[in-house]
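1. Generate a structure from the sequence data that follows.
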Amino acid sequence: MSDTKLLFLPTEIPELLSGWLLHAHKERDRHDYAARRYEGRRFILGSIAIALSAAVGTSVFASLATAAKDPWIAVAVGLASVAATVLTALSTFLDYAGRAQRHRKAAAACKSIVHEIEQAFATIQSGGQVDHAGIQAIRTRFDTIESETPVVLSAVYGEIQREYRAVHFVQKAEELYPADSQ
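-> I've put the predicted structure just below:
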């Protein structure tokens with residue numbers, strides 16, 4: 001990796017909008033990926049906690065009958081009970097459901113910005129006047145979204161950066177889905 005940090009310096013409004021569009025797509029993908037990741041973690045952690053709790057609940061009755069014969073059964077049930085409690089507490093503390101929801105909301109907001117930028121592009125490409133107030137409104141809204149959205153994990157950030165290593169802008173929506181990819 002190079003020690004040089006590259007910065008984008010647009011000279012025209014369409015260039016500026018291209019940069020914003022790319023950034024908005026990346027942000028949307030980051031938050032969508034993060035939401036899916038947290039949802040998956042919530043499901044796994046919750047499933048394990050539920051399974052352990054159910055096992056402990058049924059094992060308590062079985063261990064009561066055999067506890068006098070084999071003390072290790074009581075110890076195993078006790079350890080499973082502690083594990084279920086810890087996993088339930090972790091699930092609450094890590095708040096994967098809440099995190100997933102915040103990232104879903106951020107992804108939707110970024111997608112809305114993508115649509116606004118695409119509309120501004122279409123207006124300019126079709127010979128319409130540059131709406132400087134509209135562009136300023138997009139920038140203000142984008143700034144607000146970025147200041148209110150949760151930070152994505154560096155692993156998620158890196159994954160999306162790798163996906164966007166090579167970007168090609170297309171002029172028609174049909175070009176996004178080539179016929180041979182279906």
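2. Just give me how far the helix or strand of the chain with the lowest mean pLDDT sits from the chain centre.
-> Least confident helix or strand of the chain, by mean pLDDT, DSSP states H and E, is helix 71-94 with a mean of 80. Relative to the chain's own centre, helix 71-94 is displaced by 30 Å; criterion: Cα atoms, centre = their mean, to the nearest Å.
3. Mind listing what's buried along it?
-> Neighbour counts over helix 71-94 (16 or more other Cβ atoms under 10 Å) mark Ile73, Ala74, Val77, Ala80, Ser81, Ala83, Ala84, Leu87, Thr88, Ser91 as buried. Where C-beta positions appear, they are placed from N, C-alpha and C, glycine not excepted.
4. what's the answer for stretch 44-52, then?
-> Applying 16+ other Cβ under 10 Å to stretch 44-52 flags Leu45, Ile48, Ala49, Leu52 as buried.
5. Stretch 149-158 now?
-> So stretch 149-158, judged by 16+ other Cβ under 10 Å, has buried residues Thr149, Val152, Val156.
6. hang on, the earlier thing: between whichever helix or strand comes after the least confident helix or strand of the chain and helix 71-94, how many degrees?
-> Sequence-wise, the next helix or strand downstream of helix 71-94 (DSSP states H and E) is helix 96-125. Here the directions of helix 96-125 and helix 71-94 differ by 30 degrees (axes from the mean of the first three to the mean of the last three Cα atoms, to 10 degrees).
7. can you pull the buried residues of helix 96-125?
-> 96-97, 99-100, 102-107, 109-111, 113-114, 116-117, 120-121, 124.
8. by contact count, what packs against that helix?
-> Packing partners of helix 96-125 (3 or more Cβ pairs under 8 Å, 6 or more residues apart in numbering; DSSP states H and E): helix 13-66, helix 132-148.
9. export the shortest one as PDB, just CAs?
-> As requested, the backbone C-alpha atoms of helix 132-148 are provided in PDB (Å, rounded to 0.1, in the frame of the first residue of the first chain):
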ATOM      1  CA  HIS A 132     -26.900  25.100  -7.000                       C
ATOM      2  CA  ALA A 133     -29.400  25.300  -4.200                       C
ATOM      3  CA  GLY A 134     -30.400  21.700  -4.800                       C
ATOM      4  CA  ILE A 135     -26.800  20.600  -4.800                       C
ATOM      5  CA  GLN A 136     -26.200  22.500  -1.600                       C
ATOM      6  CA  ALA A 137     -29.300  20.700  -0.100                       C
ATOM      7  CA  ILE A 138     -27.900  17.300  -1.100                       C
ATOM      8  CA  ARG A 139     -24.500  18.200   0.500                       C
ATOM      9  CA  THR A 140     -26.200  19.400   3.700                       C
ATOM     10  CA  ARG A 141     -28.400  16.300   3.800                       C
ATOM     11  CA  PHE A 142     -25.400  14.000   3.200                       C
ATOM     12  CA  ASP A 143     -23.400  15.700   5.900                       C
ATOM     13  CA  THR A 144     -26.300  15.200   8.300                       C
ATOM     14  CA  ILE A 145     -26.700  11.600   7.400                       C
ATOM     15  CA  GLU A 146     -22.900  11.000   7.900                       C
ATOM     16  CA  SER A 147     -22.900  12.700  11.300                       C
ATOM     17  CA  GLU A 148     -25.900  10.700  12.500                       C
END
